[in-house]
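1. Coordinates for the following, if possible.
(2 chains)
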Amino acid sequence: MAQLDLAPDHSPVLRIEDLHVTYPGGAWAVRGIDLDIRADEMVAIIGESGCGKTTVARSVLGMLGPRVGTSGSITVSGHRVLAHLGERDRPKASERDLRRLRGRGIGYVAQDPYSACNPLHCVRRHVEEAWRAHRMRPKRHEVYDSLERIGIANAPDAAEQYPHEWSGGMLQRATIAAANAHAPPLLVADEPTTALDSAVASTVLGNLRSSGAAVLLISHSLSLVAGHADRVAVCYAGRVVEEGATAEILDAPRHPYSAALLAATPRRGHGLPQPLPGQPPHPSEKAPGCAFASRCREATEECRNTTPQLRDGVACFHR
Amino acid sequence: MTSSAPTHRPDDDAIASQADPSRPNASAASIRSTRGRPSQLRRLWIHGGGRAGLVLLLAIAVAILIGPLLTGEPNTTNLADKLVGPSVSHPLGTDQFGRDQLARIAEGGRRSIGAAIVVLIGITAVGVTIGVIAGVSGRLVDTLLMRAVDVMLSLPSLVLALAVVGILGPGSRNLVLALIVSSWAYYARLSRSCVVTVMKRGDVLAARLAGVARWRVIISHVLPTVLAQIRIVASLDLGGVIVSLAGLSYLGLGTQPPDAEWGTMLAESRLFFTAAPWLLVAPALATIVVVTATNLLGEALRDTAAESSTTITRRRGFLWRSLT
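-> Numbers count the residues shown, from 1 in each chain, chains lettered A, B, ... in the order given. So this is what the prediction gives:
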């Protein structure tokens, strides 16, 4: 990766193929995920805690650590972050390649903007750092402009303040401005609205949407996903169990887990939320069959013995 | 990137009221006034112990910097005036060679405090460098360096310093080197633990995910936090280093006569303790005052490092309470 060429073409910005991730100790966090994201598209991965959402995001960023076992392939704008074993002609990126790709090829928006900003640095310096990371020295007005574009009023004064002096929503917008400093083709947002109230969260997702990049959004909030994401991948126990257009999945979920997840969310006209009984399987469990079978009312013997593959957007024998 | 219109959200009101010039009371000045914490010096001044330490250290600094200008050469002998008690012409008396004790105390102070500062800078440079390398490197380098630190910490530092001076020979330069060699390990361990904690922080992760090079992350995110911790420990250690220097000089391993240094002066004065007790009192008292001042300042630095100004204000009277 001598020169980072991010020229747009017709291939997906992000392509994940058969991704498997195993943590030290045997936890099998991701068990064969395939996902494509095209330019200008926002794709949300939703699911319970521990289903592998964040692991997928960290895999895309190449931040899993040396002791984490991975297999499969991840390509961002034609650059390999992770390669299949044996693909000697296109090996996975070195640490140096990843550093060059981060910021310019992939932007990252963290869950908690306060912890993502150094408390000793003013907000301007934090946004500036995104430029300086790739040996660029932005003029101050360029930094202020980037903040004003994302809705920060009176940026020249406000940017000289420290993170603790900003509200969560404003600071999250500043981290989006920093992530978008080099206009990367892909933004990875790991639950960027968890620490925010719903109104501010919607604005933040709107900012992400208007950045012009393809967005991989990790989220718990179905209502926010409904309003912003183009496509949704429902994740359960390290697998994508349903994938499709947001409206289709939220209006008429086909997989029993997607339906249960929606039923557990408060929605107008749908009565009280119905909690999903039972617990997801432990990540170290390697039993065959559908991981959701133990919690599914429609489960049959086939579900318990054979793992359903994702076909026509759903991984269920009964759909 | 397409631009989006500025919006106001309920949780943004507090900041927006300051940042938006269209709102009442909004101005750059009002924003600056919300910066909150007073400066480090101001916080030290509010803290009772810090104020006492600052005043004492300032007085000592003035005394040792201006003193020699008023009292003349510290090594000028005048055997006609030997062992003269405190008087107007010699406020702290004279020693066995008729040298002015005040001039020698001032000169000795410069040497003692200067050497202690050099020792602390040396310890910090060596310790922080090794600690940071251990903290950011892989397991092998980390293990090797930390086991070396374990070995260093298992050796009594004073005995190690004696051994090093024994090899290098006595002299103030060698003594400084010996103290650096014998004392860096604790700073390395402290730095390493601090680095390991900081490297897991969200802002470090965010910086790395923005493509910031590792060395730049270390300089802009890790080192300021590590040095903030080290600064407090170093200020608390300053007194101890001065005592160590004086102690080793007392044993004849530091500054050599006729140059003045508080430990050397104490060693010389013990022969005349009954005839001229002021020779013993002055350097001992000077050492005690400096060590007390640095300890007060170090404790104040530690207390004010993470406190709000309100909490510090409540500490008024700290010195009086400590003494009573």
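2. burial count for residue B:126?
-> 17 (other Cβ atoms under 10 Å in any protein chain shown). C-beta: built from backbone N, CA, C; applies to glycine.
3. Double-check it against residue B:177; I have them as touching.
-> No - taking contacts as Cβ atoms under 8 Å, residue B:126 lies outside contact range of residue B:177: 11.0 Å.
4. Please work out how many residues are found near residue A:183.
-> When neighbours are counted by other Cβ under 10 Å, residue A:183 comes out with 12.
5. What of residue B:292?
-> 14.
6. can I assume it sits in a helix?
-> Yes - assessed with DSSP: H, G, I helix; E, B strand; the rest coil, residue B:292 lies in a helix.
7. Let me see the contact set for it.
-> B:56, B:239 (Cβ atoms under 8 Å, 6 or more residues apart in numbering or on different chains).
8. Against residue A:166, how distant is residue B:212?
-> 21 Å (Cβ to Cβ, to the nearest Å).
9. repeat for residue B:69
-> Taken as Cβ to Cβ, the span from residue B:69 to residue A:166 is 52 Å.
10. Give me the residue at the spatial middle of chain B.
-> residue B:235 (3.0 Å; Cα atoms, centre = their mean).
11. pLDDT at that residue, what is it?
-> Residue B:235 carries a pLDDT value of 85.
12. Tell me which stretches of the stretch 201-319 of chain A form strands.
-> A:214-219, A:231-236, A:239-245 (DSSP state E, counting those that start in this stretch).
13. Show me which residues of the stretch 201-324 of chain B sit near chain A.
-> B:201-203, B:205-213, B:216, B:220-221, B:224-225 (Cβ under 8 Å from any Cβ of the partner chain).
14. where does the chain dip in pLDDT?
-> Chain wasn't specified; assuming chain A. For chain A, the stretches with pLDDT under 70 are A:1-10, A:84-92, A:319.
15. hmm, I had chain B in mind actually
-> In chain B (pLDDT under 70), the answer is B:1-38, B:306-324.
16. in it, which spans are strands?
-> With strands called from DSSP state E, chain B shows none.
17. remind me, longest helix of it?
-> Criterion DSSP state H: the longest helix present in chain B is helix B:101-136.
18. helices or strands up against that helix?
-> Packed against helix B:101-136, as judged by 3 or more Cβ pairs under 8 Å, 6 or more residues apart in numbering or on different chains; DSSP states H and E, are the following elements: helix B:48-71, helix B:139-154, helix B:172-199, helix B:223-250, helix B:262-269, helix B:278-304.
19. Please name whichever of those is nearest to residue A:285.
-> For those, the distance to residue A:285 is smallest for helix B:139-154, at 29.6 Å, taking Cβ to Cβ.
20. Now the buried members of the residues of the stretch 201-324 of chain B next to chain A.
-> B:201-203, B:205-213, B:220-221, B:225 (16 or more other Cβ atoms under 10 Å in any protein chain shown).
21. just these now: which is nearest residue B:46?
-> Once Cβ to Cβ is applied, the member of these that ends up nearest residue B:46 is residue B:225, at 23.6 Å.
22. What distance do you get for the closest one to residue A:265?
-> Taking Cβ to Cβ, one finds residue B:225 at 41 Å from residue A:265.
23. re the thing from before, now the residue nearest to the centre of chain B, nearest residue through space, not along the chain?
-> Using Cβ to Cβ, 6 or more residues apart in numbering or on different chains and skipping residues adjacent in sequence, the residue nearest residue B:235 is residue B:298, 3.7 Å away.
24. Now do the strands in the stretch 51-200 of chain A.
-> Under DSSP E, counting those that start in this stretch, the stretch 51-200 of chain A gives strands at A:69-76, A:79-82, A:106-109, A:186-190.
25. so what does the last one touch, helix or strand wise?
-> The one in question is strand A:186-190. Looks like strand A:186-190 contacts helix A:53-61, strand A:106-109, strand A:214-219 (3+ Cβ pairs under 8 Å, 6+ apart).
26. Which one of those lies nearest to chain B?
-> Chain B lies closest to strand A:106-109 among those, at 3.9 Å (Cβ to the nearest Cβ).
27. domains for chain A, by residue range?
-> A:11-105+A:182-277, A:117-181 (automatic domain parsing).
28. How far away from the center of its chain is the first one?
-> When C-alpha coordinates are averaged (Cα atoms, centre = their mean, to the nearest Å), domain A:11-105+A:182-277 and its chain have centres 4 Å apart.
29. what's the answer for stretch B:279-288, then?
-> On Cα atoms, centre = their mean, the centre of stretch B:279-288 falls 21 Å from that of its chain.
30. picking that back up, which one's more surrounded, residue B:69 and residue A:166?
-> Neighbour count, other Cβ under 10 Å: between residue B:69 and residue A:166, residue A:166 has more, with 24 against 9.
31. Surely the more buried one touches residue A:158?
-> Yes - judged on Cβ under 8 Å, residue A:166 makes contact with residue A:158 at a distance of 7.4 Å.
32. Which of the helices and strands packed on strand A:186-190 sits closest to residue A:306?
-> helix A:53-61 (24.2 Å).
33. can you tell if the closest one touches chain B?
-> Yes - using Cβ under 8 Å from any Cβ, helix A:53-61 reaches chain B at residue A:61.
34. Could you check which residue of the stretch 51-200 of chain B lies nearest chain A?
-> residue B:138 (8.3 Å).
35. Which residue, other than its chain neighbours, is closest to residue A:15?
-> Residue A:15 sits nearest to residue A:75 (Cβ to Cβ, 6+ apart), 4.5 Å away.
36. my guess is that neighbour meets residue A:14, correct?
-> Yes - using Cβ under 8 Å, residue A:75 and residue A:14 qualify as a contacting pair, with a distance of 7.3 Å.
37. Name the residue in the two with the higher neighbour count.
-> Neighbours were counted for residue A:75 and for residue A:14 using other Cβ under 10 Å; residue A:14 has more, 24 against 20.
38. Tell me how many other residues crowd the spatially closest residue to that one that is not a sequence neighbour.
-> Spatial nearest neighbour of residue A:14, chain neighbours left out: residue A:37 (4.2 Å); criterion: Cβ to Cβ, 6+ apart. Counted with other Cβ under 10 Å, residues neighbouring residue A:37 total 25.
39. do the same with residue A:311
-> Neighbours of residue A:311 using other Cβ under 10 Å come to 10.
40. for it, what are its contacts?
-> Applying Cβ under 8 Å, 6+ apart, no residues qualify as near residue A:311.
41. Also residue A:22?
-> So residue A:22 contacts A:28, A:29, A:68, A:69, A:70 (Cβ under 8 Å, 6+ apart).
42. and what of residue A:264?
-> Here residue A:264 is in contact with A:273, A:274, A:275, A:276 (criterion: Cβ under 8 Å, 6+ apart).
43. Distance of residue A:76 relative to chain B?
-> 13 Å (Cβ to the nearest Cβ, to the nearest Å).
44. pretty sure that residue contacts residue A:101?
-> Yes - taking Cβ under 8 Å as the definition, residue A:76 is a contact partner of residue A:101 at 6.6 Å.
45. Which one's more surrounded, those two?
-> residue A:76 (29 against 24).
46. Determine the number of other residues adjacent to residue A:252.
-> 11.
47. Phi first, then psi, for it.
-> Note on residue A:252: its backbone torsions stand at phi -140, psi 80 [degrees, to the nearest 10].
48. Residue A:64 contacts residue A:54, correct?
-> No - Residue A:64 lies out of contact with residue A:54 (Cβ under 8 Å); the separation is 10.5 Å.
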